[in-house]
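Student: How does the following fold in three dimensions:
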Amino acid sequence: MHKLKFNLLGFLLLPLLLLSGCTPIGNKTASMTIIYIATAFLSFLLLIGYFFSIKKKENWFYVLFTSVLVVNIGYMMLAMSDTLDIALWANRIAYLGSVFLPLSMLKTIQKISKLKYPKWVNGVLISISSVVFLIAASPGWLDIYYKSVTLETIGGVSVLNKEYGSWHIIYLFYLLGYFTIMIATTIYAIVKKKIESTSHSIIILVAVFVNILVWLTEQLVRIDFEILSISYIITELFLISVYLMIQNQEKLIAALKAQTVTTSQTASSDLNRNSKEFALHCKFIVEQLPKLTPTERSIYNCYLDGKSTKEVLSELSIMENTLKFHNKNLYSKLGVTSRKQLIEYAKAILASDVKED
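Tutor: Numbers count the residues shown, from 1 in each chain. Next up, the predicted model:
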């Protein structure tokens, strides 16, 4: 499943990388418009794909996918603009997506991490984003964001040549603030074990750091191509991949729980009716105990001592998913389907004083 997702990511990004990195230097500028069109089209396909292929949808994922689409439409329109007025409107469209994208990323990470904020926080964040967008959209009307701006054409691609105004720093602090909150949220979720898989945590952090590095590169180096148009697509692919993996994991756990309950109830009634079979199974378990791994034997002893799941996790210093993995192996080796059934056999073995081989 993981390989399929990363293969898909590579397949989607390969055309963009070929266009931007594998063409002769003299042709690169001519291919910029094609890349902007390709990223806008790809963003549209991802939004449509999310709508039709994901059963359990989240509103903030819609905002995320729509923001990336709006950003790339703005970049595409700007690259194809032939007047300063059209270019400024394209720039406003790009900023509309860029301003609300960090908000949607944060809310998506929060959803993946299963963290909850007070409802009023959303209102405050949306209000701040709206104000920042109005400031970023002011060029052409006010000189607070850009002191001056002109349109120039480089290799057939339109580019805004701007001199930043005193209020431009607000947008910089806005982005840095969101990046900081995203990293802090992810680390907090890891510490509190809200994100149980290390791979999920790494993917989320990589998605955030990729955008930070690309953004810093664009601030420090004069690049006529908006690299963020591609990094945003990578980000949404990473985040939706983590979300899908967590969804599949939750479905699997729910199915196993349901199966365990049903099988346990059936097995319990069968044990009462078949005492000979019960005794044979006890003997089988005694024979299997020496074959358990040290961790499995420790879990077995903890269950026999009547310790809860929380106590087992604390004593062995493992995560819940790791315990579930060992439980599956332990139950399989001993031929049981639940902790209740395991304890029933274990107590019977102790009562009969059957020794291990």
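Student: Would you check how far apart Ile253 and Lys56 are?
Tutor: Ile253 sits at a distance of 15 Å from Lys56 (criterion: Cβ to Cβ, to the nearest Å). C-beta: built from backbone N, CA, C; applies to glycine.
Student: More neighbours: those two, which one.
Tutor: Set Ile253 next to Lys56 and count neighbours by other Cβ atoms under 10 Å: Ile253 wins out with 13 against 9.
Student: secondary structure class for the closest residue to the more buried one other than its chain neighbours?
Tutor: In this structure, Ile253 finds its nearest non-sequential neighbour in Lys324, 7.1 Å apart by Cβ to Cβ, 6 or more residues apart in numbering. Classification of Lys324 using DSSP: H, G, I helix; E, B strand; the rest coil returns helix.
Student: I'd like the next helix or strand past the host helix or strand of Thr185.
Tutor: Take DSSP states H and E as the rule and Thr185 turns out to sit in helix 168-191. Note on helix 168-191: by DSSP H and E, the next helix or strand toward the C-terminus is helix 198-220.
Student: The helix holding Thr185 vs helix 198-220, what angle?
Tutor: Going by axes from the mean of the first three to the mean of the last three Cα atoms, to 10 degrees, helix 168-191 is angled at 170 degrees with respect to helix 198-220.
Student: what does helix 168-191 rub up against?
Tutor: Outside helix 168-191, the residues within contact range by Cβ atoms under 8 Å, 6 or more residues apart in numbering are 99, 102-103, 105-106, 109-110, 113-115, 128, 132, 135-136, 145-146, 194-195, 201, 204-205, 208, 211-212, 215, 219.
Student: just stretch 101-110 next, same as before
Tutor: By Cβ under 8 Å, 6+ apart, the list of residues contacting stretch 101-110 from outside reads 58, 60-61, 63-64, 67-68, 71, 116-117, 122, 125-126, 129, 174-175, 178-179, 181-182, 185-186, 189, 204, 207-208, 211, 232, 235, 239, 243.
Student: If any of those residues are buried, put those into a PyMOL selection.
Tutor: If you want just the buried ones from those in PyMOL, going by 16 or more other Cβ atoms under 10 Å, the selection is:
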select buried, resi 58+60+61+63+64+67+68+71+125+129+174+175+178+179+181+182+185+186+189+204+207+208+211+232+235+239+243
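Student: For the helix or strand harbouring Ala40, name the packing helices and strands.
Tutor: Here Ala40, judged by DSSP H and E, is contained in helix 25-53. Judged by 3 or more Cβ pairs under 8 Å, 6 or more residues apart in numbering; DSSP states H and E, the packing partners of helix 25-53 are helix 2-21, helix 59-79, strand 157-164, helix 228-273.
Student: returning to that earlier point: are any of the contacts of helix 168-191 buried, and which?
Tutor: Buried, going by 16+ other Cβ under 10 Å: 99, 102-103, 105-106, 109-110, 113, 132, 135-136, 145-146, 194-195, 201, 204-205, 208, 211-212, 215, out of these.
Student: what element comes up after the host helix or strand of Gly97 heading to the C-terminus?
Tutor: Take DSSP H and E as the rule and Gly97 turns out to sit in helix 84-113. Later in the chain than helix 84-113, the nearest helix or strand by DSSP H and E is helix 119-136.
Student: Could you check the angle that following helix makes with helix 59-79?
Tutor: Angle between the axes of helix 119-136 and helix 59-79 is 0 degrees (criterion: the same axes, to 10 degrees).
Student: which residues sit against helix 119-136?
Tutor: 92, 95-96, 98-100, 103, 106-107, 144-145, 167, 170-171, 174.
Student: May I ask which two of these are separated the most?
Tutor: Taking Cβ to Cβ, the two most distant members of those are Lys107 and Ile144; they sit 28.5 Å apart.
Student: now this protein, which segments are flagged as low pLDDT?
Tutor: Filtered on pLDDT under 70, the chain yields the residue ranges 1-31, 196, 219-225, 257-274, 353-357.
Student: Can you show me the helices along the stretch 251-357 of the chain?
Tutor: Here the stretch 251-357 of the chain has its helices, by DSSP state H, counting those that start in this stretch, at 275-288, 294-304, 309-316, 320-334, 339-352.
Student: got the ones you listed as JSON lines, with mean neighbour count and distance to Ile35 columns?
Tutor: Converted to JSON lines, the helices of the stretch 251-357 of the chain look like this (neighbours: other Cβ atoms under 10 Å; distance: least, Cβ to Cβ, whole Å):
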{"stretch": "helix 275-288", "mean neighbour count": "14", "distance to Ile35": "60"}
{"stretch": "helix 294-304", "mean neighbour count": "16", "distance to Ile35": "51"}
{"stretch": "helix 309-316", "mean neighbour count": "14", "distance to Ile35": "49"}
{"stretch": "helix 320-334", "mean neighbour count": "16", "distance to Ile35": "40"}
{"stretch": "helix 339-352", "mean neighbour count": "16", "distance to Ile35": "56"}
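Student: For Ile48, which of these is the nearest?
Tutor: Here helix 320-334 is closest among the helices of the stretch 251-357 of the chain (Cβ to Cβ), at 33.1 Å.
Student: now for the closest one, which elements pack on it?
Tutor: By 3+ Cβ pairs under 8 Å, 6+ apart, helix 320-334 packs against helix 228-273, helix 275-288, helix 294-304, helix 309-316, helix 339-352.
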